[in-house]
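1. Pasted the sequence and its predicted model underneath.
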Amino acid sequence: PNLDQESVNALMEVLSEARHLNKIIDQLLTLAKAEAQTLPLNLVPHSTSQFIEDFAEDASALVEAAGKRFVQRQNDEMAVAVDSSWMRQVLFNLLSNAIKFSPPGGKIELSSRQDEKSWRLAMSDEGPGIPADQREAVFDRFKQLQRSSDDSQGSGLGLAVSKSIVELHNGNIRCGE
């Protein structure tokens, strides 16, 4: 209570950095467990359409708060056994990147469809895209694409974590055009 404003500002900066480091540590632990196949999965059959509707409600609020538009396209119904909390984490990681790289007022789309016997999710945005020679590398640890207008720094772990979680579900993740 007796700190001057400069000290309060310095303390807030230290706390912010500590939270950022804590997030990186959590992501590294998740990634290590996923890669060692020791990340506990609670695989339970879920309705894909209900799962997507629930996610879309939260996603829409986050996207709109960032000054962009969220559109849920196709939402086929099927039952899949997934760990819903980890799959939500994957979708939020993808959404976070889409928000970060989409222009102001840009559109972020999500579609969920049944393709033969598999569940296919696709998220797209109106950002600048990823060069073809970097599309596989974005899933590597600590790999980040820079954006000149973005002051925030991520950890470069979100997509690596997402890839590991998807692979634990016997799926695959890739970056399109």
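-> Thanks, I have the structure now. Residues are numbered from 1 along each chain as shown.
2. List the buried residues of stretch 105-123.
-> Judged by neighbour count (16 or more other Cβ atoms under 10 Å), stretch 105-123 contains these buried residues: 106, 108-112, 119, 121, 123. (Glycine included, C-beta is placed from N, CA and C.)
3. I misspoke; the intended subject was stretch 127-136.
-> By 16+ other Cβ under 10 Å, the buried positions in stretch 127-136 come out as 127, 130.
4. what is residue 107 paired to in the beta sheet?
-> Assessed by DSSP bridges, residue 107 has beta-bridge partners residue 69.
5. Specify which member of the buried residues of stretch 105-123 is nearest to residue 75.
-> Taking Cβ to Cβ as the measure, residue 112 is the one of the buried residues of stretch 105-123 closest to residue 75, at 5.0 Å.
6. which residues does the closest one bridge with?
-> Each beta-bridge partner of residue 112 is listed here: residue 75, residue 121, as defined by DSSP bridges.
7. Show the contacting residues for it.
-> With contact taken as Cβ atoms under 8 Å, 6 or more residues apart in numbering, residue 112 is in contact with 48-49, 52, 74-76, 119-121.
8. With residue 82 instead?
-> By Cβ under 8 Å, 6+ apart, the contact set of residue 82 is 43-44, 46, 51, 169.
9. Under the pLDDT cut-off, which ranges of the protein? List them.
-> By pLDDT under 70, the low-scoring segments of the chain are 143-155, 177.
10. Strands along that one, start to end?
-> Remark: strands assigned in the chain by DSSP state E are 44-47, 69-75, 79-82, 107-115, 118-124.
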